[in-house]
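>>> quick check, what structure comes out for this input:
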Amino acid sequence: MSTLAAMTAEAGTGLRMPLSAHLREARTRASRAAIALLVGVAAGYLLSDRIMDLVRGPIEALAASRDASLNYDSVTGAFDLKLTIALFAGVALSSPVWMFEMLAFLAPGLDRREKRYTFGFVAASVPLFAIGCTTGFLLFPHMVELLAGFASTEDSTLLQASAYVDFILKIVLATGIAFVLPVFVVVLNLLGALPARSIAASWRIVVVAIVLFSAIVTPAADALSMFLVAAPMALLFLAALLIAWWHDRAVARRTASASDPVTED
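Residues are numbered from 1 along each chain as shown. Have a look, this model is predicted:
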């Protein structure tokens with residue numbers, strides 16, 4: 001019998017799993033997650049040159065009109081950058097494994113409602129985060145082009161490689177997190193901390209925040225890039241509002257049904 005099945009059987013009989021069994025379970029799942037992470041880092045290291053070719057693209061475009069290059073400030077700078085890329089790529093590539101191991105370890109301690117919320121949150125946030133990160137990665141060349149364009153064509157653009165990659169990672173992560181924020185809104189509503197009427201009342205603030213964020217991450221002159229970021233975020237906020245409204249209506253109906261007195265003939 002597997003550890004998870006044993007935990008379920010013990011829960012059904014009212015018994016508790018010993019601390020030593022919890023520790024063995026945690027060690028086993030942590031070992032699997034660590035192995036997956038190491039494999040992901042190795043794959044990321046092998047792919048680091050191709051990733052750097054994509055990252056170097058905007059610099060090569062700048063070099064067509066001015067003196068522009070990517071520079072390393074130390075002897076080990078190139079190797080350190082490859083390790084950084086390998087680490088982030090490894091975390092991303094191995095995320096299905098370590099997320100599954102984490103959820104499988106926590107699942108036996110959750111009740112049915114908590115499991116539904118937890119797995120629903122993960123199922124919604126993971127693809128949205130991936131879409132947001134992809135959007136950020138597609139937008140960063142436009143940001144590099146615009147921000148570097150403030151310098152005169154007679155000047156040289158010498159970019160430190162570590163700072164440049166850190167700039168890209170911040171853009172990618174910020175865009176990914178922005179796409180996941182509506183999921184947090186839904187979770188807060190399901191927990192009773194944020195009613196739908198409060199979400200609806202703040203729609204003007206949300207729209208302004210979306211427009212400002214879109215303008216920051218898409219500083220290109222064309223409005224199409226800004227629209228391509230703002231439109232999905234606005235639709236996600238609208239979907240979160242509709243889910244919260246539906247949930248509040250369902251709770252209100254259940255409360256009204258429970259409070260109605262039972263009339264007998």
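>>> and the helices in this structure, which stretches?
In the chain, the helices defined using DSSP state H lie at 3-12, 19-63, 77-93, 95-106, 112-148, 161-190, 196-201, 203-217, 223-259.
>>> Glu25 touches Leu106, doesn't it?
No. Glu25 is beyond contact range of Leu106, at 10.7 Å (criterion: CB atoms under 8 Å). C-betas here are computed from N, CA, C, even on glycine.
>>> okay, these two: which has more neighbours?
Each of Glu25 and Leu106 has its neighbours counted (other CB atoms under 10 Å); Glu25 has more, 18 against 12.
>>> and the more buried one, what pLDDT?
pLDDT for Glu25: 87.
>>> how close does it get to Leu110?
15 Å (CB to CB, to the nearest Å).
>>> hmm, back to that, quick one: which of the helices of the chain is nearest Asn71?
helix 161-190 (6.4 Å; CB to CB).
>>> angle of that closest one against helix 112-148?
140 degrees (axes from the mean of the first three to the mean of the last three CA atoms, to 10 degrees).
>>> ok, and for helix 161-190, which residues are buried?
Residues of helix 161-190 classed as buried by neighbour count (16 or more other CB atoms under 10 Å): 161-162, 164-165, 167-169, 171-172, 175-183, 185-190.
>>> quick check: the nearest residue to Gly136 once chain neighbours are set aside vs His247, distance?
Spatial nearest neighbour of Gly136, chain neighbours left out: Thr175 (3.2 Å); criterion: CB to CB, 6 or more residues apart in numbering. Thr175 sits at a distance of 27 Å from His247 (criterion: CB to CB).
>>> run a quick neighbour tally on Ala239.
15.
>>> and for Arg32?
15.
>>> right, and it touches Ser94 too?
No. Using CB under 8 Å, Arg32 makes no contact with Ser94, being 10.1 Å away.
>>> so where's the protein shaky on pLDDT?
1-17, 218-222, 260-265 (pLDDT under 70).
>>> just give the closest residue to the residue nearest the centre of it, not the sequence neighbours.
For the chain, Phe129 is the residue whose C-alpha lies nearest the centre (CA atoms, centre = their mean; 3.5 Å). In this structure, Phe129 finds its nearest non-sequential neighbour in Gly176, 4.5 Å apart by CB to CB, 6+ apart.
>>> mind listing what that neighbour touches?
The contact partners of Gly176, by CB atoms under 8 Å, 6 or more residues apart in numbering, come to Phe129, Ala130, Gly132, Cys133, Gly136.
>>> equivalent analysis for Leu159, please.
Counting by CB under 8 Å, 6+ apart, the residues that Leu159 touches are Ile59, Ala68, Ser69, Leu70, Asn71.
>>> can you put these in JSON lines and add distance to Gly120 and neighbour count?
Shown next, in JSON lines, are the contacts of Leu159 (distance: CB to CB, whole Å; neighbours: other CB atoms under 10 Å):
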{"residue": "Ile59", "distance to Gly120": "42", "neighbour count": "18"}
{"residue": "Ala68", "distance to Gly120": "46", "neighbour count": "20"}
{"residue": "Ser69", "distance to Gly120": "48", "neighbour count": "14"}
{"residue": "Leu70", "distance to Gly120": "42", "neighbour count": "20"}
{"residue": "Asn71", "distance to Gly120": "46", "neighbour count": "12"}
